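Undergrad: Provided below are the primary sequence and the corresponding predicted coordinates.
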Amino acid sequence: MVSDLASVQVTVYGHVQGVFFRAFTSRWAAELGLTGYVRNLPWQTAVEVRAEGERDRLEKLINHLEMGPPAARVTEVVTRWSAYTDGYSSFSIEY
């Protein structure tokens, strides 16, 4: 059902760079069957995730992002939902 599909932009703040946050995100996105990307933002305290897929799977990804990998310290998670675009063929780590 098309109405179950969505797109989300998530910005995760805290101690999230240099702690394998991108690999952690990519692994969960692949396991959940989502497409999009994760990247470090220029400042040292944030990671950006853009993901598309079934809304319930996106919500599961966000739950994982709120925890992060063991060495991360997440202080804030900002989400912005939008319409599904089918703009990605897979989930990738951008450098």
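TA: Noted; the coordinates are in hand.

Undergrad: OK, contacts around the residue positioned nearest the centre of the chain?
TA: Centroid-nearest residue in the chain, with Cα atoms, centre = their mean: residue 49, separated by 3.6 Å. Shown here is residue 49, whose contacts under the criterion Cβ atoms under 8 Å, 6 or more residues apart in numbering are 8, 9, 10, 11, 12, 25, 29, 36, 37, 38, 61, 65. For the C-beta atoms, the positions are set from N, CA and C on the backbone; glycine is no exception.

Undergrad: ditto for residue 53
TA: When contacts are counted by Cβ under 8 Å, 6+ apart, residue 53 is found next to 5, 6, 32, 33, 34, 35.

Undergrad: residues near residue 91, how many?
TA: Residue neighbour count, defined by other Cβ atoms under 10 Å, stands at 25 for residue 91.

Undergrad: distance of it from residue 71?
TA: With distances defined as Cβ to Cβ, to the nearest Å, the gap from residue 91 to residue 71 amounts to 21 Å.

Undergrad: Who wins on neighbours among the contacts of residue 53?
TA: Neighbour tally across the contacts of residue 53 (other Cβ under 10 Å): the maximum, 23 neighbours, falls on residue 34.

Undergrad: show me the contacts for that one.
TA: By Cβ under 8 Å, 6+ apart, the contact set of residue 34 is 51, 52, 53, 57, 58, 61, 91.

Undergrad: Am I right that residue 6 is in contact with residue 57?
TA: No: the pair formed by residue 6 and residue 57 falls short of the contact definition of Cβ atoms under 8 Å, at 9.6 Å.

Undergrad: on that earlier part again, now the two most distant members of the contacts of residue 49.
TA: Longest distance between any two of these is 15.7 Å, between 11 and 29; criterion Cβ to Cβ.

Undergrad: So between these two, which is more surrounded?
TA: Counting neighbours by other Cβ under 10 Å for residue 11 and for residue 29 shows that residue 29 has the greater number, 27 against 16.
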